[in-house]
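Asker: Next input, structure requested:
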Amino acid sequence: MEKYRVTLTPEERAYLEHMVSTGKTAARKLTHARILLLADTSQSLSFPDEDIVAALGTSLRTVERVRKRLVTEGLQVALHPKPQPLRPDKVKIKGNIEQKLIHLACSDPPQGRCQWTLSLLADELIALGLVRTVSVETVRQALKKTTLSLGSSRRGASHPRQTPSMSGEWRT
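Answerer: Just a heads-up that it's a prediction; the model follows:
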């Protein structure tokens, strides 16, 4: 892989050193700042990538990526990690399957059970052939997206109750 040379200006170096010394920012951002400080060739001490990896406990690929982003896109872009892309292909319960899951959760539970559990719902989705595999967590997240509450006829975790009046009125 092509190696990008990190050369920081005195202002950039002071900014990174201040950021690292205060430590009041995200851990990943601090790690990227430390990578840039250790990889800086404008100082008499610049470390090879393997030493940076050993010192910071990160991967060689991360060091290379941060170097490249600094050289090609600038300091602020190198410090801030790219957001993870959405993964619509990883969502197993959507559309018709989600509707059938909700319908199933609202229906009567199987014989011998008083209510549906997440594992029962996951097993039933597999048994019906709607999905090949599904985890309990995926079922939980799909049900959480809706306003479905299996334990109550009302939405939400707690029920609003009328508080008694403290005005001293007579009850009739």
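Asker: Now do Gln76 against Tyr15, distance only.
Answerer: As judged by CB to CB, to the nearest Å, Gln76 and Tyr15 stand 10 Å apart. Yep, even glycine has a C-beta here, placed from its N, CA and C like the rest.
Asker: Do a quick rundown of the helices in the protein.
Answerer: 10-22, 27-39, 49-56, 60-73, 75-79, 96-106, 118-127, 136-145 (DSSP state H).
Asker: Okay, domains of the chain per the record?
Answerer: Per automatic domain parsing, the structural domains of the chain span 10-79, 89-145.
Asker: and these as TSV, adding mean pLDDT, mean neighbour count and distance to Lys3?
Answerer: TSV is the format used below for these (pLDDT from 0 to 100; neighbours: other CB atoms under 10 Å; distance: least, CB to CB, whole Å):
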stretch	mean pLDDT	mean neighbour count	distance to Lys3
domain 10-79	91	15	7
domain 89-145	89	14	34
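Asker: and the helices of the chain as a markdown table, adding distance to Arg87?
Answerer: Shown next, in a markdown table, are the helices of the chain (distance: least, CB to CB, whole Å):
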| stretch | distance to Arg87 |
| --- | --- |
| helix 10-22 | 31 |
| helix 27-39 | 20 |
| helix 49-56 | 28 |
| helix 60-73 | 20 |
| helix 75-79 | 23 |
| helix 96-106 | 17 |
| helix 118-127 | 20 |
| helix 136-145 | 13 |
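Asker: closest to Lys90 out of those?
Answerer: For the helices of the chain, the distance to Lys90 is smallest for helix 136-145, at 9.5 Å, taking CB to CB.
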